[in-house]
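[1] my questions concern the predicted model and sequence given below.
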Amino acid sequence: MSAVTSRLSKQQEMKLCSMLSCSRLSLLFKGSVHGYTGAAFHQKCDNQGPTVTVAHNISGYIFGAYTSKNYAQTGQNIADANAFLFSFNEREMKKDPLRAFRTYHIKGGRGSTPVTLCDTMGLEEGASAGLDIDDFTSILRGHIQGKYQSNPSMPLQTESPSFCKEPGLKDKIHTVVYVLDSSKVKLLSDKMIEKLAAIRRKANQMGVPQLVLLTKVDEACPSVAADLKTVYQSHSIYKTMQKVSSNLGVTLSAVIPVKNYSQDLELDIQTDILLLNVLIQMLRATEGFFDDLYHEQE
């Protein structure tokens, strides 16, 4: 007799695992095999701990429900604050790939430095797309561990293995850096600006300083492409910096222009100078964060 297997594809199972913050799923019940009856369902699923129920339709959608409580035929209503419903399809999965929260340690000539950079999923216009504001808050507070798979439709739950319940000061974010493509600043929609404003307000409430990394300045201005040293003399780059400052509500000095390494095979001193300036401004902002923290403690 062949083993009973799930209808979920590998990608679909990975998406569910990321939503549930688990490493794998174990199939308990399959209606087409065990029968579409309540008795058959309860025989296989009762008292199995947290479970996720999945259903498919002919349009390619997957629907489901998660509960952290045991299924049991008690005849009583069971309250579960962690329960939720979900739905997705293959097209949405291709448009909205999962993105891991990653940390990168900067190394110096004699080993690691005390500087750690964290990278998250980017923002998107939709209410259930891009980085979730609750996940952003958890990241700032140090609750999210490295390699956590962000899921726009379901923020990290406190009972998840990826949730750090007692983060230390080193686990928290001390400076937030937004990365914007300088050639696309004019294309920012009102919805995206509103979402950025909501994220910025959350960081402000927590006293975390914020900077803006304005990338690809060489693609936004021909004169800068010809001579990177003229980046702070370029009128068009200055106007773009002003627009970013106004839209995001940050000071002009917090908007830092840089050129990306993309097709370059060798290091370029002018590119490195701009990137080093970013790191210096990040360190200064972080020092300001700690100064404020120590003053509050005093």
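    Yes, it's here. Note that this is a predicted model, so its numbers are computed, not measured.

[2] okay, CA-based contacts and neighbour counts for the rest of this
    OK.

[3] tell me the domain ranges of this structure?
    Using automatic domain parsing, the domain ranges for the chain come out as 10-93, 98-297.

[4] right, so those domains: which one is the most enclosed?
    Of all the domains of the chain, domain 98-297 has the most neighbours on average by mean count of other Cα atoms under 10 Å, namely a mean of 16.

[5] low-confidence ranges, this structure, go.
    Within the chain, the stretches with pLDDT under 70 are 1-4, 18-19, 21-23, 89-100, 109, 111-112, 125-129, 146-154, 161, 298.

[6] can you give me the strands for it?
    51-56, 61-67, 84-89, 99-108, 111-119, 148-150, 176-181, 210-215, 255-257 (DSSP state E).

[7] can you add distance to residue 157 and give these back as CSV?
    Below are these laid out as CSV (distance: least, Cα to Cα, whole Å):
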stretch, distance to residue 157
strand 51-56, 15
strand 61-67, 12
strand 84-89, 11
strand 99-108, 15
strand 111-119, 20
strand 148-150, 12
strand 176-181, 23
strand 210-215, 26
strand 255-257, 34
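
[8] so for residue 263, which of those strands sits nearest?
    strand 210-215 (14.5 Å; Cα to Cα).

[9] just the CA atoms of the closest one, as CSV, please.
    Only the C-alpha atoms of strand 210-215 are listed here, as CSV (Å, rounded to 0.1, in the frame of the first residue of the first chain):
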residue,chain,number,x,y,z
GLN,A,210,16.7,56.9,10.8
LEU,A,211,18.7,57.5,7.7
VAL,A,212,17.9,57.1,4.0
LEU,A,213,20.3,55.5,1.5
LEU,A,214,19.7,57.0,-1.9
THR,A,215,21.2,54.5,-4.3
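
[10] neighbouring contacts of it?
    Contact partners of strand 210-215, identified using Cα atoms under 8 Å, 6 or more residues apart in numbering, comprise 175-182, 200, 203, 241, 250, 254-260, 278, 282, 285.

[11] now do 7 Å
    With Cα atoms under 7 Å, 6 or more residues apart in numbering as the test, strand 210-215 has contacts from 175-182, 254-260.

[12] now do stretch 224-238
    218-219, 221, 270.

[13] quick check: residue 165 touching residue 143?
    Yes - judged on Cα atoms under 7 Å, residue 165 makes contact with residue 143 at a distance of 6.3 Å.

[14] pipe the contacts of stretch 224-238 into CSV and attach distance to residue 159 per row.
    Listed next are these as CSV, based on distance: Cα to Cα, whole Å:
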residue, distance to residue 159
218, 46
219, 45
221, 49
270, 47
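
[15] in helices only, show me those residues.
    218-219, 270 (DSSP state H).

[16] tell me the one of those nearest residue 36?
    Nearest to residue 36 among the ones in helices among the contacts of stretch 224-238: residue 219, at 59.2 Å, using Cα to Cα.
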